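Asker: return atomic coordinates for the entry below.
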Amino acid sequence: MNTFFQETTLLALSLLARTIPMMVAGVIAAELILAFNATERLSRYSRPLTVWSNLHHECGISFMMAFISPKAANAMLAKYHRDGTITRREMVIAALMNSFPNVMMHWRYLLPVYVPLLGLIGLIYFAILVVVGIIKTMIVMVAGRWMLPAPHDTENKRRGPVPRPTWKDGVHTALKASAASLRHILIISVPTILIVAVFINLGFFDLVADQMQGIGSWFPVPTPGFAIIAAQFGSFIASASVASTLLAAGTLSPQEIIITLLVGNILTSVTRAIRWYGTSYAAIFGPRNGALIQGLSTGLRVVVMIGVVALLSLIW
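Answerer: The predicted structure follows:
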């Protein structure tokens, strides 16, 4: 019992250390942007996306932040919603769009592994993941344009110059406002992360992973490919290593490797979603909104991925 308690405590502290700082940074960044009247300048780059999707330009700032830190970006959205700047529906649409920058930035982790081990196949696999992200984002944008009312013209037009506060006053205002926002977030996020740590140590996620591996038989995966999928539940590095070995031995063709990796990505996305729900979405948006956003994001991505796998299976 003592060992379980100690391991859970250490895991919870580790999760808190990886999650809370990014959330704090996101809230403070949002308040600094507001305090120094920088919303228009920062949102101009994503303006075509937000305007077409009927989103407020504040959502564009969050989208740009997602290229740096998805958790910080989502913390900004939660803050905007809590302040009444955006509606709940806008927050959900914007949070779904924020997943695309996260996919794009995965090149930092995936390409240094997949390209050396799989060469061109690794590049093609990553390119397919990016295409899936683009398709998903386009669907979300269409949903936003259809479901959200168009903002008033005055909200999408550039405002006249607004006096900027001094550096000292701006920082003071931002930190004061951040403290109030962070209280609401931490009250939800800390207990949620503690619960997730308990579930991890109880082996709940391992049980889910075992169940998901069995579903792999529903997909067009050759028998040797299940070794790749099993490794994928451990880490993408392990799956790439197994795939490289099977490719070099001629056991699987390049096309079969790509389809197997995609199927493994579909299956592992469910377990990843459950893990991320507690440490990311529920901790930032609250249990109800977090479950909605996580469910929509994962479900939409899985549907698109299944469509891609089906198409590739027909072509190849």
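Asker: please make it C-alpha for all contacts and neighbour counts, starting now.
Answerer: OK.
Asker: from Pro101, how far off is the closest residue to Met105 other than its chain neighbours?
Answerer: When the adjacent residues along the chain are set aside, Met105 lies closest to Phe67, with 6.6 Å between them (CA to CA, 6 or more residues apart in numbering). Distance of Phe67 to Pro101, computed by CA to CA, to the nearest Å: 5 Å.
Asker: so which residues of the stretch 201-316 of the chain form helices?
Answerer: In the stretch 201-316 of the chain, the helices defined using DSSP state H, counting those that start in this stretch lie at 204-215, 225-232, 236-248, 254-276, 282-285, 287-315.
Asker: sorry, slip of the keys, the one I care about is the stretch 51-200 of the chain.
Answerer: Read by DSSP H, counting those that start in this stretch, the stretch 51-200 of the chain holds these helices, from start to end of the chain: 57-65, 70-82, 88-97, 99-104, 107-118, 120-147, 153-156, 167-202.
Asker: which one of the ones you listed has the lowest average pLDDT?
Answerer: The minimum mean pLDDT among those belongs to helix 153-156 (a mean of 48).
Asker: pull the contacting residues for Gly144.
Answerer: Contact criterion CA atoms under 8 Å, 6 or more residues apart in numbering gives 53-55, 90, 93 as the residues in contact with Gly144.
Asker: with respect to Ser14, which of these is nearest?
Answerer: The nearest member of those to Ser14, counting by CA to CA, is Ile93 at 30.1 Å.
Asker: what residues are up against that closest one?
Answerer: Contacts of Ile93 (CA under 8 Å, 6+ apart): 140-141, 143-144.
Asker: from those, which is closest to Phe233?
Answerer: Val140 (27.9 Å).
Asker: wait, what's in contact with the closest one?
Answerer: Contacts here follow CA under 8 Å, 6+ apart; on that basis Val140 touches 93, 96-97.
Asker: can I get those in TSV including distance to Ile237?
Answerer: Conversion of the contacts of Val140 to TSV gives the following (distance: CA to CA, whole Å):
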residue	distance to Ile237
Ile93	32
Leu96	27
Met97	27
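Asker: from these, pick the one nearest Val263.
Answerer: Of those, the one sitting nearest to Val263 (CA to CA) turns out to be Leu96, at 21.9 Å.
Asker: just give the number of residues close to Leu194.
Answerer: A count of neighbours around Leu194, defined by other CA atoms under 10 Å, yields 19.
Asker: any idea how far it is from Ala179?
Answerer: Between Leu194 and Ala179 the distance, using CA to CA, works out to 22 Å.
Asker: equivalent analysis for Gly264, please.
Answerer: In this view, Gly264 and Ala179 are 42 Å apart by CA to CA.
Asker: which of the two has more neighbours?
Answerer: Per other CA under 10 Å, whichever of Gly264 and Ala179 has more neighbours is Gly264, with 26 against 13.
Asker: got a list of what that one touches?
Answerer: Residues in contact with Gly264, defined by CA under 8 Å, 6+ apart, are 216, 228-230, 232-233.
Asker: just put the residues you listed in TSV and tack on distance to Thr268 and pLDDT.
Answerer: Shown next, in TSV, are the contacts of Gly264 (distance: CA to CA, whole Å; pLDDT from 0 to 100):
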residue	distance to Thr268	pLDDT
Gly216	10	62
Ile228	12	87
Ile229	8	85
Ala230	9	82
Gln232	7	83
Phe233	6	80
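Asker: the nearest residue to Ala25 once chain neighbours are set aside: neighbour count?
Answerer: Ranked by CA to CA, 6+ apart and with sequence neighbours excluded, the top spatial neighbour of Ala25 is Ala72, at 6.1 Å. One way to gauge burial is a neighbour count; for Ala72, by other CA under 10 Å, it gives 27.
Asker: same question, Ala17
Answerer: For Ala17, the tally of surrounding residues (other CA under 10 Å) stands at 11.
Asker: and what of the one 4 residues further on?
Answerer: Other residues lying near Pro21 total 12 when counted by other CA under 10 Å.
Asker: next one: Trp316
Answerer: The tally of other residues near Trp316 (other CA under 10 Å) stands at 8.
Asker: now it: closest residue in space that isn't a chain neighbour?
Answerer: Counting by CA to CA, 6+ apart, Gln255 is the residue found nearest to Trp316 once chain neighbours are left out, at 6.9 Å.
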